[in-house]
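**Q** Predicted model and sequence follow; I will ask about them next.
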Amino acid sequence: MLEEFVVKHNRRMRLGYTTGSCAAGAAKAAALLLLSGEKAPCVELLTPKGILLRLEVKDVSWGENWASCAIEKDGGDDPDATHGLLVYARVSIGPKEDSQTVGIDGGVGVGRVTKKGLEQPVGAAAINRVPRKMIEEAVLEICGRYGEQRSMQVVISIPGGEEIARKTFNPRLGIVGGLSVLGTSGIVEPMSESALIASIRAEIRMKLANQRAYLILVPGNYGTDFLGETWGRLLEESVKCSNFLGEALDAALEEGAKGVLLVGHIGKFVKLAAGIMNTHSRNADGRMEILTAHGAVCGADQELCRRLMECVTTDDALELLGEAGLLSPVMEVLMERMEFYVNHRCGSAMEIGVITFSNRQGLLGKTRQADGLLEKLEAQRRACGQR
C-alpha cells in the first residue's frame with residue numbers, strides 16, 4: 001500500500017499507482033526470477049513522478065525460458081474500477097542471435113486498438129507509451145544486472161479486465177477485449193480530473209482520425225438522451241465531455257476539428273452564459289444568479305427576481321419565467337451570451353454552436369450556427385456510410 005497523500009476538498013486522500021506501474025513492476029519481478037532464479041517478495045520501481053514504489057510480488061510461476069509474476073493494482077482513495085485486479089507480466093527469452101530488445105504485447109484482459117487516432121496503432125495492445133517505456137526500462141535493468149544480451153518478450157495480462165473494461169471509456173474509444181494499460185506519472189491521484197480529460201481528448205482524437213471533421217459534445221446522459229430522441233442518427237458523432245466543456249473545446253481545436261456543436265441541459269449550459277466552462281457545482285454554480293440577472297434585464301420585477309433566486313432547479317426557474325411571459329426573451333439573451341463565450345474560448349478557428357433544452361420544456365434555444373452544424377454533421381454521417 002502506497003503511503004503518500006494529497007489533500008483534496010479538505011480531505012486527506014491516499015495516492016495509488018497505475019496499471020502501468022503494476023505492469024512494469026510485474027515485468028521486473030518476472031525478469032529477475034527468469035535470469036537469477038530469485039523469487040523476490042517485493043520489487044522497487046521509481047515512477048516518472050519521482051515516487052519510489054515498493055510493490056509486493058504475487059502469484060509467481062515459471063518454466064523453461066519463461067517466468068510470470070503479478071502485482072495487485074492499488075487505486076488509493078480514487079474510485080478506481082481496476083482497484084484490486086492482478087496485473088501479470090510473463091517474460092520469456094528470445095533467440096540468442098537477436099540484438100537486445102524488449103518486445104511488449106498484451107494478453108488476456110488487455111484491450112486491442114481497433115480505430116485510428118489513439119496512442120497505439122490499430123491492432124496493437126492498448127499499452128500506452130509511458131507504460132511501455134517503464135516496462136522496457138525495468139526489464140533492461142535486470143538484463144544489465146545479470147549480463148543478459150538476448151532479446152526479451154513481455155506479455156501483460158489482466159484477468160477480469162475484459163469485464164471491467166465495459167465500465168470504462170474503452171468501448172467508445174474502439175479498444176476491445178479488455179483494459180488499457182495507462183499512466184503518465186505512474187501514480188493515481190484521487191478523483192483525478194487530468195485522467196478524465198485525457199480520456200475525453202483521446203476520444204476526440206479518435207473521432208477526428210476516422211473521417212470526421214465535425215463533432216457533437218454532450219456533458220452526460222441527459223444530453224445523450226435528448227440527442228438520441230431528437231437527432232438519433234447523429235449519436236455516433238458525439239463525445240461525452242462531462243463537466244469539462246472548456247477543456248473539450250480546447251482539445252477539439254487542437255486536434256483539428258472544423259466545427260463543434262454543444263448539446264446539453266440548461267442546468268449546466270446556463271453557466272456558459274457567464275463564461276463558466278467547468279460546469280461542476282463544486283467549481284461554480286451561479287445558475288439562479290445568472291437566470292435572475294437575465295430575467296431582470298428582460299423586465300422581471302423585484303418579486304419575480306426574489307422567487308427566481310429561491311428556486312432549487314433551473315426547471316422551476318424556467319416555469320416562473322414562462323408564467324411571466326419572459327421565457328423566450330430570457331432564452332434569446334442567454335443563447336447570445338453562450339455564443340459569445342464559446343467563440344471567445346476558441347476564436348474564429350472553428351465553427352461552434354450551442355443547443356440547450358430542459359426535461360420539462362424540451363428544446364429551449366439554439367445559437368446562430370447550430371442549424372448549419374446539424375446539416376454538416378448529417379452530411380458527415382452519410383459520408384461515413386452510417387445508417
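**A** That came through, no problem.
**Q** Enumerate every residue touching Val130.
**A** Val130 makes contact with Gly20, Pro48, Gly183, Thr184, Gly186, according to C-beta atoms under 8 Å, 6 or more residues apart in numbering. Backbone N, C-alpha and C define where each C-beta goes, glycine included.
**Q** so Ser68, which of the three states?
**A** strand (DSSP: H, G, I helix; E, B strand; the rest coil).
**Q** I figured it hits Ala30, correct?
**A** Yes. At 5.7 Å, Ser68 and Ala30 qualify as touching, with contact defined as C-beta atoms under 8 Å.
**Q** For the two, indicate the residue with more neighbours.
**A** A direct count of neighbours by other C-beta atoms under 10 Å for Ser68 and Ala30 places Ala30 higher, at 32 against 21.
**Q** State the helix or strand in which the one residue sitting closest to the centre of the chain lies.
**A** By C-alpha atoms, centre = their mean, the chain has its centre lying nearest to Ser199, at 2.2 Å. Secondary-structure assignment from DSSP states H and E places Ser199 in helix 193-209.
**Q** returning to what we had before: which residues do Ser68 and Ala30 both contact?
**A** Ala89, Arg90, Val91.
**Q** Next, the angle helix 193-209 makes with the helix or strand following the helix holding Ser199.
**A** Per DSSP H and E, the first helix or strand lying C-terminal to helix 193-209 is strand 214-218. Put simply, strand 214-218 runs at 150 degrees to helix 193-209, going by axes from the mean of the first three to the mean of the last three C-alpha atoms, to 10 degrees.
**Q** mean confidence for strand 214-218?
**A** Mean pLDDT, strand 214-218: 97.
**Q** what pairs with it, and is each one parallel or antiparallel?
**A** strand 238-240 (parallel), strand 259-265 (parallel) (DSSP bridges).
**Q** right, so the ones you listed: which one is the most enclosed?
**A** strand 259-265 (a mean of 25; mean count of other C-beta atoms under 10 Å).
**Q** residue ranges of the strands in the stretch 51-200 of the chain, please?
**A** Along the stretch 51-200 of the chain, counting by DSSP state E, counting those that start in this stretch, strands occupy 52-56, 58-63, 66-72, 86-93, 102-106, 109-110, 112-113, 152-157, 175-176, 178-179, 187-188.
**Q** likewise the stretch 251-387 of the chain?
**A** According to DSSP E, counting those that start in this stretch, the strands that the stretch 251-387 of the chain contains are 259-265, 351-358, 362-366.
**Q** Nearest to Asp371 among the strands of the stretch 51-200 of the chain would be which one?
**A** Shortest distance between Asp371 and the strands of the stretch 51-200 of the chain, using C-beta to C-beta, is found for strand 175-176: 34.4 Å.
**Q** what's in contact with the closest one?
**A** Contacts for strand 175-176 (C-beta under 8 Å, 6+ apart): Gly111, Arg112, Val113, Thr114, Leu118, Ala126, Ala165, Asn170.
**Q** So Ala29 versus Arg90, what's the distance?
**A** Going from Ala29 to Arg90 by C-beta to C-beta, to the nearest Å gives 11 Å.
**Q** the more surrounded of those two?
**A** Between Ala29 and Arg90, counting by other C-beta under 10 Å, Ala29 is the more crowded of the two (31 against 23).
**Q** where does this protein have low pLDDT?
**A** 1-11, 79, 96-98, 191-192, 282, 386-387 (pLDDT under 70).
**Q** Quick one: the helices in the stretch 1-150 of the chain, in order.
**A** With DSSP state H, counting those that start in this stretch as the criterion, the stretch 1-150 of the chain has helices at 19-36, 129-146.
**Q** what's the first one packed up against?
**A** Spelled out, it's helix 19-36. Helices and strands touching helix 19-36, as assessed by 3 or more C-beta pairs under 8 Å, 6 or more residues apart in numbering; DSSP states H and E, comprise strand 42-46, strand 52-56, strand 58-63, strand 66-72, strand 86-93, helix 129-146, strand 152-157.
**Q** Looking at the ones you listed, which is nearest to Asp301?
**A** It is, among these and with distance given as C-beta to C-beta, helix 129-146, at 59.0 Å.
**Q** tell me the angle that closest one makes with strand 42-46.
**A** Using the same axes, to 10 degrees: helix 129-146 against strand 42-46 is 120 degrees.
**Q** Kindly format the C-alpha coordinates of helix 129-146 as CSV.
**A** Taking Å, rounded to 0.1, in the frame of the first residue of the first chain, the C-alpha atoms of helix 129-146 are listed here in CSV:
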residue,chain,number,x,y,z
ARG,A,129,3.7,4.9,-24.5
VAL,A,130,4.8,5.7,-20.9
PRO,A,131,3.9,2.2,-19.5
ARG,A,132,5.8,0.6,-22.5
LYS,A,133,8.8,2.7,-21.6
MET,A,134,8.6,1.8,-17.9
ILE,A,135,8.3,-2.0,-18.8
GLU,A,136,11.2,-1.8,-21.1
GLU,A,137,13.4,0.0,-18.6
ALA,A,138,12.5,-2.4,-15.8
VAL,A,139,13.4,-5.4,-17.9
LEU,A,140,16.6,-3.9,-19.3
GLU,A,141,17.7,-3.0,-15.7
ILE,A,142,17.5,-6.7,-14.7
CYS,A,143,19.2,-7.8,-18.0
GLY,A,144,22.1,-5.3,-17.3
ARG,A,145,22.4,-6.6,-13.8
TYR,A,146,22.9,-10.2,-15.0
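**Q** No more questions from me, cheers.
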